[in-house]
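>>> here is the input, now give the coordinates:
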Amino acid sequence: MKQIFKVVGLDCAEEIAVLKKALGKREGILDLEFDVLNAKMVVTCEDQIEADWIIAWVKEGGMDAHLWSDREQFEKRGFWQKQGRFVTTVLSGLFLLGAVYFHVGKSPVADRLYFFAMVFGAYFVLPKAWLAIKRLQPDMNLLMVIAMGGAIAID
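Here you go, the predicted structure:
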């Protein structure tokens, strides 16, 4: 039996690895297929496996899923869910441009602007890095947070 899910936050190979680890070892799961562009996961499983079990197993991996047929009600998102990444990217870029401008002039304001650029740039990365620590499975998000910490320490 094939069950199709919308997985919130499925946007790169790192999340696929997390899902494979969370579901692949489960008894009754026969195959997993992923469509990253649509955040879609197709689970081929034995008939006795219920969708609620799969959703719970995905949640154990630190992600959220719901049935593909129910995606309409979950996709009715607000402004922040739709545009949050764009907004934080633009804010991070603007703070970075300001920081570089003031850095050239040797102004102490530059450090504060760099800080805000990092905060907005890491807004969506930090929660994923925390989940990687909790799972004891380092990923690119955790690596980026460590790199940011290293860059701060060097200064």
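>>> what's the top helix by length along the chain packed up against?
For the chain, the helix with the greatest residue count under DSSP state H is helix 79-104. Contact analysis of helix 79-104 by 3 or more C-beta pairs under 8 Å, 6 or more residues apart in numbering; DSSP states H and E lists helix 109-121 as its packing neighbours. The C-beta positions use only the backbone N, C-alpha and C, and glycine is treated the same way.
>>> what angle separates the very next helix or strand once past the helix it packs on from helix 79-104?
Using DSSP states H and E, the next helix or strand after helix 109-121 towards the C-terminus is helix 125-135. Inter-element angle recorded for helix 125-135 and helix 79-104: 110 degrees (by axes from the mean of the first three to the mean of the last three C-alpha atoms, to 10 degrees).
>>> who's residue 6 bridged to?
Beta-bridge partners for residue 6, by DSSP bridges, are residue 40, residue 66.
>>> that one contacts residue 39, correct?
Yes - distance between residue 6 and residue 39: 5.8 Å, which falls inside the contact criterion (C-beta atoms under 8 Å).
>>> where does pLDDT dip in this protein?
73-76 (pLDDT under 70).
>>> quick one: residues in contact with stretch 112-132.
By C-beta atoms under 8 Å, 6 or more residues apart in numbering, the list of residues contacting stretch 112-132 from outside reads 9, 14, 62, 84-85, 88-89, 91-93, 95-96, 98-99, 102-103, 138-139, 141-142, 144-145, 148, 152.
>>> what's the offset of it from the middle of its chain?
Distance of stretch 112-132 from its chain centroid, counting by C-alpha atoms, centre = their mean, to the nearest Å, is 12 Å.
>>> do stretch 17-35 as well
18 Å.
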